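*Asks:* only geometry, no sequence info:
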DNA sequence: GGCCGGATTATGTCTAGACATAATATCAGG
DNA sequence: CCTGATATTATGTCTAGACATAATCCGGCC
């Protein structure tokens, strides 16, 4: 364990134990330098990391303070569907239902665009529907890809880099057609995940995935310390 | 703009422009030292920040490389409900429906626990149901609080600091009782958010919030470059 | 009393080096 | 050809200083 890690972990422990409460001032950098017998750069790096993770707040001249608890923020992991299903030990399959040129529909993807629709199966049963628009201006190679054997998400991961993404998560009721495709009753509660992905400010792809509510849930974790 | 920021921003720009593609090696630290005429510590700090934000990957002996995109990781913000509604310009109100000692139910909260149930209103209409368990061992002050005028989430934010949390998000159908409370038809699709919060390894509170699917969605953003 | 300017002080950023560590490349020997 | 020891190299961590910056305190002046 490095000196920096030791300083960080000691401070975290004290805060988590309630030893130092929100608003309290923690020791000055020069005091920690003496305590740990290290240089100020090391102490400063530890405090910078803690500050970035939101555990403390630093104020010039005043010192560093235990931060007041904040709004919940967590890292949301949305793994590739094939991975989710593999993790459950079920067989994964992608079935393409439509592939056509499209103007981009009501998404942010501008024409020329490719529309790809299909179903993700897990353990032989439908798991999620997918409707995706891919900007052919941003990803010309997509025009030469069939997307029959591989889901477009998986393919895109390998072929395109992104620089920003926005996710939107909602609960919706399956329409009649969607319910049929998912093999559930119409108006069953489903989780809808929409994601738009950009590269260099240009929208690359927009995807809407509709999950069976009974077969999928998202888990997000927050662990402090940044690390 | 500091030297570190300049280095970071230059590298980000090159990656976003597609100048350097995933898997490409970016210049060695000692080369950047020459380019920018600064010390290696400064270059290293810039690269460390970029690596933490996931934009690059560093390998000893080999150098630093543009990371392959991980599209499916995003920061999820779960703000206080009063804030969400205030942000929409609607009036917020909390209505307590139940407050009782409880054994913790099927949650991870151990007895003695306090069970608090209520409804969040936005713009005069029900917005979300909440059922919360609070560990009285972890938060004894909660036993003296009525939670009539203030939602327990808001109160807890002010009184307790949390150190870890796990969120679970699902689409569910409202039961008859839930539908009545939310003023929707039974079996309407709702977004269920469950959150368990820990402090120093001890569960502090567990909350289940049920949102009207038509009035709420979660948005998660991912922007590279961290910061 | 109230306002302004300087002294003080803690953090912010940086330098020029050092040694440690891990992964690769190279080469000798089986 | 394959294996293992050795040298090389880039990053990881750290030191002991330096100057900059911002916030505060304090004294003196109006």
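*Replies:* Happy to help now that I have it. Keep in mind that this is a model prediction, so the values were computed, not measured.

*Asks:* which stretches in chain A count as strands?
*Replies:* Along chain A, the segments classed as strands by DSSP state E run A:25-26, A:56-59, A:63-66, A:72-77, A:92-102, A:113-122, A:125-135, A:164-173, A:189-199, A:202-212, A:218-222.

*Asks:* buried stuff in stretch A:94-107?
*Replies:* A:94, A:96, A:99, A:102, A:104, A:107 (16 or more other C-beta atoms under 10 Å in any protein chain shown). C-beta coordinates here come from the backbone N, C-alpha and C atoms, glycine included.

*Asks:* let's have those in JSON lines, adding distance to DNA strand C and pLDDT.
*Replies:* Shown next, in JSON lines, are the buried residues of stretch A:94-107 (distance: C-beta to the nearest atom of the strand, whole Å; pLDDT from 0 to 100):
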{"residue": "A:94", "distance to DNA strand C": "33", "pLDDT": "94"}
{"residue": "A:96", "distance to DNA strand C": "38", "pLDDT": "96"}
{"residue": "A:99", "distance to DNA strand C": "39", "pLDDT": "95"}
{"residue": "A:102", "distance to DNA strand C": "43", "pLDDT": "84"}
{"residue": "A:104", "distance to DNA strand C": "41", "pLDDT": "67"}
{"residue": "A:107", "distance to DNA strand C": "39", "pLDDT": "78"}
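
*Asks:* farthest-apart pair in those residues, please.
*Replies:* A:94 and A:104 (22.7 Å; C-beta to C-beta).

*Asks:* in chain A, which residue sits nearest DNA strand C?
*Replies:* For chain A, the residue closest to DNA strand C is residue A:29, as judged by C-beta to the nearest atom of the strand, at 3.2 Å.

*Asks:* you'd agree that residue is up against residue A:40?
*Replies:* Yes. Counting by C-beta atoms under 8 Å, residue A:40 is a contact partner of residue A:29 at 5.6 Å.

*Asks:* the more surrounded of those two?
*Replies:* residue A:29 (17 against 11; other C-beta atoms under 10 Å in any protein chain shown).

*Asks:* skipping adjacent residues, who's closest to that one in space?
*Replies:* When the adjacent residues along the chain are set aside, residue A:29 lies closest to residue A:43, with 4.9 Å between them (C-beta to C-beta, 6 or more residues apart in numbering or on different chains).

*Asks:* low pLDDT regions in chain A?
*Replies:* Applying pLDDT under 70 to chain A picks out residues A:69-73, A:104, A:163, A:222-227.

*Asks:* DNA strand D contacts on that one?
*Replies:* A:2-5, A:37-42, A:45, A:59-62 (C-beta under 7 Å from any atom of the strand).

*Asks:* returning to that earlier point: next, count neighbours for the residue nearest to residue A:29.
*Replies:* Neighbours of residue A:43 (other C-beta under 10 Å): 24.

*Asks:* ok, now residue A:44?
*Replies:* 16.

*Asks:* how about the one 10 residues further on?
*Replies:* Neighbouring residues of residue A:54 were enumerated by other C-beta under 10 Å; the total is 15.

*Asks:* touching, it and residue A:67? I think so.
*Replies:* Yes. Residue A:54 is within contact range of residue A:67, at 5.9 Å (criterion: C-beta under 8 Å).
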